[in-house]
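*Asks:* Structure of the sequence below:
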Amino acid sequence: MTAGSRGDVAPYTGLGHRLGRAGHEVTLVTHGCFEPLVAGSGVRFHALPVDPRTELESPRGRGLHRSTSGAGKLVRVVELARRLVGRMTDDLVAAARESDVLLLSASLAPLGHAVAEGLRLPSMGVYLQPLAPTREFAPPVLGGGSFGAPGNRLTGHGVNLAVERVFAATVPAVRARLGLPPIRTGTARRTRERRLWPVHHGFSPLVVPRPRDWRPGLGVCGYWWPYDAETRLPQELRDFIEAGPPPVFVGLGSATVPDAGRLSAQIVAALRRAGLRGVIQRGWGGLTAQGDDMLSIGEVPHSALFPRMAAVVHHAGAGTTAAGLRAGVPAVPVPIQFDEGFWSARLVSLGVAPAAVPLRRLTVEALSTALLRATHEASYSERARTLGARIRAEDGATPVLDAVTALGG
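*Replies:* As a prediction, this is how the structure comes out:
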């Protein structure tokens, strides 16, 4: 069970496929617009009614861009999510009634855990970001950085309280509906912690080592790769790639932007100033590019495209960050909001990106300078190749498969 943007869904298609190959019957429960992602994977699908793209493009969703701080954006997204989560409850309960074990993403964990408790089903977390409080880094959703060891842990607890607020109205209603006694907000989370509720994290320990102060039951597995039914690139794209030196990929995934036309012009100008060809993915932001040295594309498998790029420019969402690391190519992260600043900082610290160029401070000069460094300084490509080989050798799905088996699934 997961909710959010494409990046909050795609990794579970591959994880579900792997569980299916091991003999389990798997259903992905998420927004109906993502049903095509499971085509051919053997994973069943149960649709949730909310369309995340529509919500992000609404006036309320676009209001996220008016907040300049991570905390401000968090407040806005909590209020947005509170208005939506109740519309998904009936389908979550219906899907759970047909299940033996619930695997819950961070975006639905508080509600999913209440459903599991009410139906007496075993459950566990399958998270794409590190959410448990730690002294080692600040909550990723606040955009990276550090508040010092005590401050990091304190703000981690604060973010968890904010997440609980999303479900403050729906969880009590679900508990009553399923015959559970009422509890105070936050009690369920503390109970999960005391009982060492298992959470598996789908990112590489080479990128985020398991924090030393995490409680038992919180594991870092390695990445879960999206299921790609079609790994052959479109002919037009293959022809463009082969017509010259390796181009640079630019895409912002499911992120929306305030002015797509202006940003597209800046991106094209930066690529040309750096003497680079570009493959520009339209994404939810609607980026475009024209000219013999630029090609605009729709959705294509990152696993097939990224290894053929000179570098990848992206918003540093968890999934796109993972795909770039897997491909072993340098990156130029352009973080926009939430955990993207966190993953950007990781790319820089790992030596596979020269610098982050946040969207709010993006200029032609800043982006072209970062592109020149990423594509011309050999250290970035060398580190990216080495790290990519190590990440490709990891097996993030097996720990989850073993845990499902242990739960009796």
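*Asks:* got any ranges where the protein has weak pLDDT?
*Replies:* Along the chain, the model assigns pLDDT under 70 to residues 55-82, 186, 409.
*Asks:* what about the longest helix in it?
*Replies:* helix 148-166 (DSSP state H).
*Asks:* can you pull out the strands in the stretch 51-200 of the chain?
*Replies:* Secondary structure of the stretch 51-200 of the chain, counting by DSSP state E, counting those that start in this stretch: strands at 102-104, 123-127, 199-201.
*Asks:* Which strands border the last one, and is each parallel or antiparallel?
*Replies:* Which is strand 199-201. strand 123-127 (parallel), strand 218-220 (parallel) (DSSP bridges).
*Asks:* same deal with the first one?
*Replies:* Based on DSSP bridges, the strands next to strand 102-104 in the sheet, each with its direction, are strand 123-127 (parallel).
*Asks:* hang on, the earlier thing: between the strands of the stretch 51-200 of the chain, which one is closest to Gly253.
*Replies:* Closest to Gly253 of these is strand 123-127 (CB to CB; 18.7 Å). (Glycine included, C-beta is placed from N, CA and C.)
*Asks:* neighbouring contacts of the closest one?
*Replies:* 12, 15, 101-106, 109, 112-113, 116, 197-202, 224, 400, 403-404, 407 (CB atoms under 8 Å, 6 or more residues apart in numbering).
*Asks:* switch the cut-off to 6 Å
*Replies:* Leu102, Leu103, Leu104, Ala106, Ala109, Ala116, Pro198, Val199, His200, His201 (CB atoms under 6 Å, 6 or more residues apart in numbering).
*Asks:* just the residues you listed now: which is nearest Phe338?
*Replies:* For the contacts of strand 123-127, the minimum distance to Phe338 (CB to CB) is 11.9 Å, reached by Ala106.
*Asks:* Which residues are in contact with the closest one?
*Replies:* Residues near Ala106 by CB under 6 Å, 6+ apart: Tyr127, Leu131.
*Asks:* Leu287 reaches Ser264, doesn't it?
*Replies:* Yes - assessed by CB atoms under 6 Å, Leu287 is found in contact with Ser264 at 4.9 Å.
*Asks:* any idea how far Pro258 is from Leu128?
*Replies:* 26 Å (CB to CB, to the nearest Å).
*Asks:* Name the residue in these two with the higher neighbour count.
*Replies:* Leu128 (26 against 12; other CB atoms under 10 Å).
*Asks:* count of neighbours near the closest residue to the more buried one other than its chain neighbours?
*Replies:* Counting by CB to CB, 6 or more residues apart in numbering, Leu128 lies nearest to Ala318, which is 4.9 Å off, once chain neighbours are set aside. Look at Ala318: counted by other CB under 10 Å, it has 23 neighbours.
*Asks:* swap in Arg165?
*Replies:* When neighbours are counted by other CB under 10 Å, Arg165 registers 17.
*Asks:* can I get the contacts of strand 123-127 in CSV with distance to Val268?
*Replies:* Shown next, in CSV, are the contacts of strand 123-127 (distance: CB to CB, whole Å):
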residue, distance to Val268
Leu102, 46
Leu103, 42
Leu104, 41
Ala106, 36
Ala109, 41
Ala116, 49
Pro198, 47
Val199, 42
His200, 41
His201, 37
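*Asks:* So which of those is the closest to Ala323?
*Replies:* Nearest to Ala323 among the contacts of strand 123-127, counting by CB to CB, is His201 at 17.2 Å.
*Asks:* bridging residues for that closest one?
*Replies:* Beta-bridge partners, per DSSP bridges, of His201: Tyr127, Val220.
*Asks:* Surely Val43 touches Leu28?
*Replies:* Yes - under the criterion of CB under 6 Å, Val43 lies in contact with Leu28, with a separation of 5.3 Å.
*Asks:* any idea which helix or strand carries the residue lying closest to Gly144 once chain neighbours are set aside?
*Replies:* Distances taken as CB to CB, 6+ apart put Gly341 closest to Gly144, at 3.7 Å, once the chain neighbours are dropped. Assigned by DSSP states H and E, Gly341 falls within helix 340-349.
*Asks:* Likewise for Leu295?
*Replies:* With DSSP H and E as the criterion, Leu295 is inside strand 294-297.
*Asks:* need the next SSE after that strand, C-terminal direction.
*Replies:* According to DSSP H and E, the helix or strand after strand 294-297 is helix 302-305.
*Asks:* before we move on, back to that, ok, the residue nearest to Gly144 - contacts?
*Replies:* By CB under 6 Å, 6+ apart, the neighbours of Gly341 are Gly143, Gly144, Pro335.
*Asks:* Break the chain into its domains for me.
*Replies:* 6-223+394-407, 235-392 (automatic domain parsing).
*Asks:* quick one, which of these is packed in tightest?
*Replies:* Ranked by mean neighbour count, these are led by domain 235-392 with a mean of 20 (mean count of other CB atoms under 10 Å).
*Asks:* first to last residue in that domain, what's the distance?
*Replies:* Start and end residues of domain 235-392 are separated by 27 Å (CA to CA, to the nearest Å).
*Asks:* for that domain, the distance to its chain's centre please.
*Replies:* Here domain 235-392 is found 16 Å from its chain centre; the criterion is CA atoms, centre = their mean, to the nearest Å.
*Asks:* now Val268, what's its secondary structure?
*Replies:* Classification of Val268 using DSSP: H, G, I helix; E, B strand; the rest coil returns helix.
*Asks:* From Leu371, how far off is it?
*Replies:* To Leu371, Val268 is 12 Å away according to CB to CB.
*Asks:* Are we agreed that Ile336 is in a strand?
*Replies:* No - counting by three-state DSSP, Ile336 falls outside a strand, being coil.
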